[in-house]
Structure formats: C-alpha cells, structure tokens
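Enquirer: generate coordinates for the sequence data below:
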Amino acid sequence: MRRADGVTGIAMKLTAILGSPRINGNTEILLNEAIRAVTEQGCPVELFRPHGMNLAPCRNCGGCNETGRCVVQDDMTDVYRAIATSNRFIVASPIFFFGLTAQIKGLIDRCQAFWCEKYLLGRPIPEGQEGRKGLLLMVGGMDKEIGFTSGGATATAFFRTISVPKHEILYFTKVDSQGAILGHPTALKDVYEAAKRLVL
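Expert: Sure thing, here's the model as predicted:
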C-alpha cells in the first residue's frame with residue numbers, strides 16, 4: 001500500500017462487519033463512508049453482512065476447545081479466514097435493546113473458536129508488523145449511554161479475542177428514522193476521519 005506521504009508500507013487488509021438488518025439504514029450509511037476513506041488510502045476491504053448470510057448460532061458444544069476450529073460448516077468459514085488474514089477491522093451496528101444486533105452478536109459468538117485458540121491453546125492471531133487495530137461504529141435512537149456502553153463491551157471482547165489490542169469508538173445518539181444520520185452535523189466527517197486514521 002502507498003501511504004499519503006508517498007512511502008510504500010506493508011500491505012493492509014480490512015474486514016468490515018455490518019450488523020444492521022436494514023438496507024441503506026443509518027449504520028450502513030456510516031460504514032459506507034468509512035469504507036470510502038479506507039479504499040481511498042489503497043486498503044482493500046472485505047465486507048460481511050451477517051443478516052444475509054447462512055450463519056448458525058454457537059452451540060456451545062465444545063468442539064473448538066481442543067482444536068480452535070469450529071465444527072459447524074457454514075458461511076462463518078469465510079469470516080474466520082478474513083479475520084485471520086486482516087489487520088484492520090470495522091464493526092458497525094445499531095443499538096437494539098441496549099446491545100448490538102442479534103445478527104452481529106451471532107457472528108461474534110461464533111468467534112468462540114478464536115477464543116479457544118488464543119486462551120486455551122495459546123495460539124493467538126499474530127499481530128504482524130502493522131499491528132491489528134479496529135473501529136467500532138454505533139447508532140441508536142436513544143440518548144442514554146447504557147446501550148452504547150453495553151454494545152461497546154461486547155465489541156471490546158470480540159476485538160481482544162481476535163487479537164485487536166486497541167480500537168476507536170464512535171457512536172451517535174438520537175438517530176432513529178432511516179437516513180436521519182445524514183442530518184447529523186458531523187457524523188459523516190467524524191467517521192471518514194476515524195477510518196482514515198485506522199489505516200494511516
């Protein structure tokens with residue numbers, strides 16, 4: 001990848017996960033802006049939309065305890081590959097009932113395989129020369145902090161499990177109706193700049 005200052009750096013790859021089931025909703029608008037910033041810096045992006053994927057919930061069967069590999073064969077296989085081979089990550093979700101959506105939470109729960117590999121088997125994903133960093137984007141109609149705090153805690157557990165030691169958080173309150181985020185005075189700019197920082 002060629003940085004903005006002209007210096008050629010180690011190639012980066014970003015995995016983005018969209019937790020919203022609503023097409024062209026506020027969360028997707030924000031994530032698209034983040035992806036625009038990232039691709040402008042020459043970083044390739046792989047986007048996952050859990051609501052449209054064949055993802056079974058975690059069975060808590062213990063099948064990954066000794067291998068670090070999930071025994072369920074579905075679209076999560078592609079997610080595992082992307083997480084293992086990326087070094088930048090964006091998680092974007094609306095807040096439903098004080099938490100991340102069921103769609104993205106189901107994907108996170110299936111990362112128990114990474115948890116086992118890291119904490120039980122002592123084989124964390126290597127951070128590499130560029131390190132591993134993340135960005136969390138959240139949107140909610142409420143003005144209370146608890147939903148974003150709860151959602152943020154879940155995302156933090158996910159990031160640390162996949163060996164992302166630090167991440168930035170942006171959230172936007174009182175944004176509910178479809179497209180309302182476009183009326184926010186700074187949201188698009190804030191997200192664009194945060195995503196740019198993620199890869200520079």
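Enquirer: helix, strand, or coil at the residue most central in space within the chain?
Expert: Residue closest to the average C-alpha location in the chain (C-alpha atoms, centre = their mean): V91, at 2.2 Å. For V91, the secondary-structure state derived from DSSP: H, G, I helix; E, B strand; the rest coil is strand.
Enquirer: show me what it is bridged to.
Expert: Taking DSSP bridges as the rule, V91 bridges to I17, L136.
Enquirer: sketch out the low-pLDDT regions of this structure for me.
Expert: Scanning the chain for pLDDT under 70 picks out 1-10.
Enquirer: check which helices and strands the helix or strand hosting A113 sits against.
Expert: Taking DSSP states H and E as the criterion, A113 maps to helix 112-115. When contacts are defined as 3 or more C-beta pairs under 8 Å, 6 or more residues apart in numbering; DSSP states H and E, helix 112-115 sits against helix 76-85. All C-beta spots, glycine's among them, are computed from the backbone N, C-alpha and C.
Enquirer: take the helix it packs on, keep the C-alpha atoms, and write them as CSV.
Expert: This file holds the C-alpha atoms of helix 76-85, laid out as CSV (Å, rounded to 0.1, in the frame of the first residue of the first chain):
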residue,chain,number,x,y,z
MET,A,76,-18.7,-18.4,9.0
THR,A,77,-15.8,-20.2,7.3
ASP,A,78,-15.2,-17.1,5.2
VAL,A,79,-15.4,-14.8,8.2
TYR,A,80,-12.8,-16.9,10.0
ARG,A,81,-10.5,-16.6,7.0
ALA,A,82,-10.9,-12.9,6.7
ILE,A,83,-10.3,-12.2,10.4
ALA,A,84,-7.2,-14.4,10.4
THR,A,85,-5.7,-12.6,7.4
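Enquirer: now do the buried residues in it.
Expert: Within helix 76-85, the residues scored as buried using 16 or more other C-beta atoms under 10 Å are 76, 79-80, 82-83.
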